[in-house]
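S.K.: any chance you can model this:
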Amino acid sequence: MSFFGKLFGKKEKETLDQGLQKTKDSFLSKITKAIAGKSTVDEEVLDSLEDALVSADVGIDTTVKIIERIEARVAKDKYVNTTELNQILQKEIESLLVDAPEANSYSFDSPLPAKPYIILVVGVNGVGKTTTIGKLAYNFKKAGKSVILGAADTFRAAAVDQLTIWSQRVGVPIVSQGMGADPASVAFDTVQSGVARDADVIIIDTAGRLHNKAHLMDELNKIKRVIQKHIPEAPHEVMLVLDGSTGQNALEQAKHFTATTDVTALTITKLDGTAKGGVVLAIANQFKIPVKFIGMGEKMEDLLVFDKHEFVDSLFNLNKG
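M.R.: Residues are numbered from 1 along each chain as shown. Predicted coordinates for the structure are as follows:
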């Protein structure tokens, strides 16, 4: 079931261009050095390209795939020159991003596939999980949808307080039982309240701990079970939030969470101001889970729908910035 429509305007493109500036500067400067004075793509160029990709946190596995594809292209076409390298690289990187129409043409304005549409948000502490929930609530509300939040990360008082602040800032109701409450009980009450209020969207925060994977799995499964007492097919989305500025650490977190729960979508935050934007490519390629949103700043408007074409274009376009 789909609820998607294209939404990527001039303002969003400018935010993306600015946010990826550090990654682009680092990445493209290394590519420029790699091909300086060269007329063809040789072994030395490929080695330098490999270094540029790894430095941008694209990851070893994804880098190897990209280099192998370029090597195959060079071997086939024989006379690939360095002018063509950017185009080839751009095309190969884009092809590695998971090709999910849902992730590439999402719109907050489009009709939802279910009512209430329930999103369970997971991720470790400090990645911007609560902020992402606030931004999601803002965007859904701006699109005319009614939203209710559930503060089921009850292990930290700060998490409940922060989500409460966001609910007030956005102007949406929140269900909270305070620190130490049973997370599944909070989730149950949130869904019950959402149904009673005829809410369009229910977004539930969960605890962000990785020290005990079995406990994490049990807790998330319990939350799912109580939600399903109200709505059997819910949650409709399990969204994992990752901090892009941590590079390969984000990749490790993704491994843990995808091993313990059925993650259906990814949000990668804090991509503005970091040179590690290449981690988006590594995560999308390795896990084959749609990257649905990327965080490009602190403002409520700075949660962008992820569009792989626009992302790669911003990464490579030499005429910008």
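S.K.: point out where the stretch 1-150 of the chain drops to low pLDDT.
M.R.: 1-8, 78-79, 98-106 (pLDDT under 70).
S.K.: and if we set it to 90?
M.R.: 1-63, 65-66, 69-111, 113, 124-126 (pLDDT under 90).
S.K.: for the stretch 201-321 of the chain, same thing?
M.R.: Counting by pLDDT under 90, the stretch 201-321 of the chain has low-confidence residues at 207-221, 244-262, 270-292, 295-321.
S.K.: could you pull out the strands for the stretch 101-250 of the chain?
M.R.: 117-122, 147-152, 174-175, 201-206, 237-243 (DSSP state E, counting those that start in this stretch).
S.K.: now do the first one against strand 237-243, angle only.
M.R.: Yep, that's strand 117-122 we're talking about. Strand 117-122 runs at 40 degrees relative to strand 237-243, counting by axes from the mean of the first three to the mean of the last three C-alpha atoms, to 10 degrees.
S.K.: what does strand 117-122 rub up against?
M.R.: If you take C-beta atoms under 8 Å, 6 or more residues apart in numbering as the criterion, strand 117-122 is touched by 129, 132-133, 136, 191, 194, 200-206, 208, 220, 223-224, 227, 231, 234-241, 257, 261, 263. Every C-beta, even on glycine, is put in place using the N, C-alpha and C of the backbone.
S.K.: any of those residues buried? List them.
M.R.: Among the contacts of strand 117-122, those buried by neighbour count (16 or more other C-beta atoms under 10 Å) are 129, 132-133, 136, 191, 194, 200-206, 208, 220, 223-224, 227, 231, 234-241, 257, 261, 263.
S.K.: how about Asp57, phi and psi?
M.R.: Main-chain torsions, Asp57, degrees, to the nearest 10: phi 60, psi 30.
S.K.: a markdown table for the strands of the stretch 101-250 of the chain, including distance to Phe140?
M.R.: Below are these laid out as a markdown table (distance: least, C-beta to C-beta, whole Å):
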| stretch | distance to Phe140 |
| --- | --- |
| strand 117-122 | 9 |
| strand 147-152 | 5 |
| strand 174-175 | 14 |
| strand 201-206 | 5 |
| strand 237-243 | 12 |
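S.K.: so the spatially most central residue of the chain: helix, strand or coil?
M.R.: The C-alpha lying nearest the average C-alpha coordinate of the chain belongs to Thr267 (C-alpha atoms, centre = their mean; 2.1 Å). Here Thr267 is recorded as strand under DSSP: H, G, I helix; E, B strand; the rest coil.
S.K.: what residues are bridge-paired with it?
M.R.: Beta-bridge pairing for Thr267 (DSSP bridges): Val241, Phe293.
S.K.: was I right to think Lys141 contacts Arg169?
M.R.: No: counting by C-beta atoms under 8 Å, Lys141 sits too far from Arg169 to count as a contact (11.0 Å).
S.K.: which one's more surrounded, those two?
M.R.: The neighbour comparison of Lys141 against Arg169 (other C-beta atoms under 10 Å) goes to Lys141, with 18 against 12.
S.K.: not counting residues beside it along the chain, what's closest to the more buried one?
M.R.: Distances taken as C-beta to C-beta, 6 or more residues apart in numbering put Val147 closest to Lys141, at 5.5 Å, once the chain neighbours are dropped.
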